[in-house]
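Peer 1: I would like to see how this sequence folds:
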Amino acid sequence: MMDWNGYREALLARVGDLGRLTPETLKGLTTLDRAGEKNDHLGAKTRELIALAVAVTTRCDGCIAVHSKAALELGASRDEIAEALGVAVALNAGAAVTYSARVLDAVEALPES
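Peer 2: Numbers count the residues shown, from 1 in each chain. Got it, this is the predicted structure:
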């Protein structure tokens, strides 16, 4: 298994390097990341649970490392995290079904040989 704590620390150090090279890029990311805090309709914990589900669907290890820690720090239980991950699994399965329908359309659009 991955050393998630070591990975997160190394990743954040490299992101810091990126921020020194292109500060406006990181400023833009920070603005996007904090946009939900302005309205706060969902609450920080729920936003982190959503972030974890999205991290799974986008296959972002860095997102998993950062948002797992944040979710736990905000009081998310392992059961809540598992439920959010279940949503990610369902969405990925749903996407596969949707794209399967697209394949059928593409196949039917081909002339019969």
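
Peer 1: point out where the chain drops to low pLDDT.
Peer 2: Applying pLDDT under 70 to the chain flags the ranges 113.

Peer 1: all strands of it, in order?
Peer 2: Assigned by DSSP state E, the chain shows no strands.

Peer 1: any buried residues in stretch 2-17, and which?
Peer 2: Across stretch 2-17, burial judged by 16 or more other Cβ atoms under 10 Å covers 8, 11. All C-beta spots, glycine's among them, are computed from the backbone N, C-alpha and C.

Peer 1: neighbouring contacts of it?
Peer 2: If you take Cβ atoms under 8 Å, 6 or more residues apart in numbering as the criterion, stretch 2-17 is touched by 26, 61-62, 64-66, 68-69.

Peer 1: swap in 7 Å and give it another go.
Peer 2: Stretch 2-17 has contacts (Cβ atoms under 7 Å, 6 or more residues apart in numbering) with 62, 65-66, 69.

Peer 1: can you tell me which of those residues are in helices?
Peer 2: Within the contacts of stretch 2-17, residues falling in helices by DSSP state H are 62, 65-66, 69.

Peer 1: pull out the buried members of those.
Peer 2: The neighbour-count test (16+ other Cβ under 10 Å) applied to the ones in helices among the contacts of stretch 2-17 identifies 65-66 as buried.

Peer 1: now the helix ranked longest in the chain: how far from the chain's centre is it?
Peer 2: Taking DSSP H as the criterion, the chain has its longest helix at helix 78-109. Centroid displacement of helix 78-109 relative to its chain, using Cα atoms, centre = their mean, to the nearest Å, is 15 Å.

Peer 1: helices or strands up against that helix?
Peer 2: On a contact count with 3 or more Cβ pairs under 7 Å, 6 or more residues apart in numbering; DSSP states H and E, helix 78-109 meets helix 44-58.

Peer 1: how far away from the center of its chain is the helix it packs on?
Peer 2: Centroid displacement of helix 44-58 relative to its chain, using Cα atoms, centre = their mean, is 5 Å.

Peer 1: for stretch 94-111, same thing?
Peer 2: Centroid separation for stretch 94-111 versus its chain: 26 Å, with Cα atoms, centre = their mean.

Peer 1: next one: stretch 66-77
Peer 2: Distance of stretch 66-77 from the chain centroid (Cα atoms, centre = their mean) equals 13 Å.
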